[in-house]
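> what follows is a protein structure lacking sequence information:
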């Protein structure tokens, strides 16, 4: 899909495609049904050499397209030493399938969303993070060590984080939305002008929060209520739209959409009347992370890469080019003030983000979400 870039002082050279970046279904691969927090299947740390000759190692890094600088392999080699090949995956499911196929596709470092990192760690597929090889962990906000899918960053390092809410046309919606029910049960004049995300975790989120349930609930009775509410909401829905909702807002075809904070910014860049709000019932806290594969033969270089990404000037690239927050205060400080002023979501503090509910792996409840999502979107 061709997308119009935001008109910014420092125009983004690339844009993360959120269908690959965070639009992920609940983890349904049976081999990765995690048992919950605690890392019961987590691998023991390998013995790594802090004095290793990094120039003799080479890396394969798998990431979503446009989710890091195009020249990062070149600058990493020039600054640190190891050669690096970048491969792309479109979704979490795609990279997880590769990493669980036996050969791990030769990947040393993978970018995956938090709940997928949790599931991979449960299966013993990740190398625990060696803090001594990643001194830039000190750059992370203290809140970034408190994420429910991996408290203490034992096997993953957060790259970007954010939340989900309502992206709306402030010139066309009065009063402004304050509740998830504003899109689930819109006013008559807004019926048929509302979109929702169609992928499992985010399809369920508005109804879960409106009903007072956890975004990680595994209770079948609660999920049945969620399903009923979402089926009823279809009568007023324009579309399930994970990729072009902000374009619908720009054109006026839609007036309210369920959206991730950063992608709402793509609309705001084109029309300042497009605003973002987290409903009063609360929302999620998602995170995209970096993980080192247990099968990697270049673990020292892999850790050096993670450390390199956390350098403030490198980490700030994600904010300036993808319009998402990063859990790195020094990196956020490098973002141009005019960009922070333009996008309200970039003014959100780590403390405010932590008010959202951290998404975790659903374990054995994942098929329930998959089945219900299929039934909801297919219902007449």
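That came in fine, so what should we check first? Computed from a prediction, not measured in an experiment: that's the story for all the values here.
> going by C-alpha atoms from here, please, whenever you check contacts or count neighbours.
Noted.
> does residue 319 touch residue 326 like I think?
Yes. With contact defined as C-alpha atoms under 8 Å, residue 319 and residue 326 form a contacting pair (6.7 Å).
> give me the common contacts of the two.
residue 332 (C-alpha atoms under 8 Å, 6 or more residues apart in numbering).
> comparing these two, which residue is more hemmed in?
residue 326 (27 against 23; other C-alpha atoms under 10 Å).
> excluding covalently adjacent residues, which one is nearest to that one?
residue 160 (4.5 Å; C-alpha to C-alpha, 6 or more residues apart in numbering).
> quick check: that neighbour vs residue 368, distance?
28 Å (C-alpha to C-alpha, to the nearest Å).
> more crowded one of these two?
A side-by-side neighbour count of residue 160 and residue 368, using other C-alpha under 10 Å, places residue 160 first with 23 against 16.
> part of a strand, is the more buried one?
Yes. Counting by DSSP: H, G, I helix; E, B strand; the rest coil, residue 160 is found in a strand.
> so what pLDDT did it get?
Listed pLDDT for residue 160 reads 97.
> can you tell me which residues contact it?
Neighbouring residues of residue 160 by C-alpha under 8 Å, 6+ apart: 287-289, 318, 324-327.
> longest strand in this protein, by residue count?
Longest strand in the chain, counting residues (DSSP state E): strand 284-292.
> ok, it: who's next to it in the sheet?
Strand pairing for strand 284-292, using DSSP bridges, gives strand 109-113 (antiparallel), strand 157-162 (antiparallel), strand 357-358 (parallel).
> JSON lines please, covering those strands and showing distance to residue 345.
Shown next, in JSON lines, are the strands paired with strand 284-292 (distance: least, C-alpha to C-alpha, whole Å):
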{"stretch": "strand 109-113", "distance to residue 345": "20"}
{"stretch": "strand 157-162", "distance to residue 345": "9"}
{"stretch": "strand 357-358", "distance to residue 345": "17"}
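> so for residue 260, which of those strands sits nearest?
Comparison of the strands paired with strand 284-292 against residue 260 by C-alpha to C-alpha identifies strand 157-162 as nearest, at 7.4 Å.
> immediately after the closest one, which helix or strand?
Counting by DSSP states H and E, the next helix or strand C-terminal to strand 157-162 is strand 164-169.
> partner strands of that following strand and their direction?
Applying DSSP bridges, strand 164-169 is found paired with strand 256-260 (antiparallel), strand 274-277 (antiparallel).
> need the residues that contact the shortest one.
Identification of contacts with strand 274-277 by C-alpha under 8 Å, 6+ apart yields 165-170, 177-178, 249-250, 261, 264, 267-268, 344-345.
> circling back to that earlier point, for the longest strand of the chain, buried residues please.
By neighbour count with 16 or more other C-alpha atoms under 10 Å, strand 284-292 contains the buried residues 284-292.
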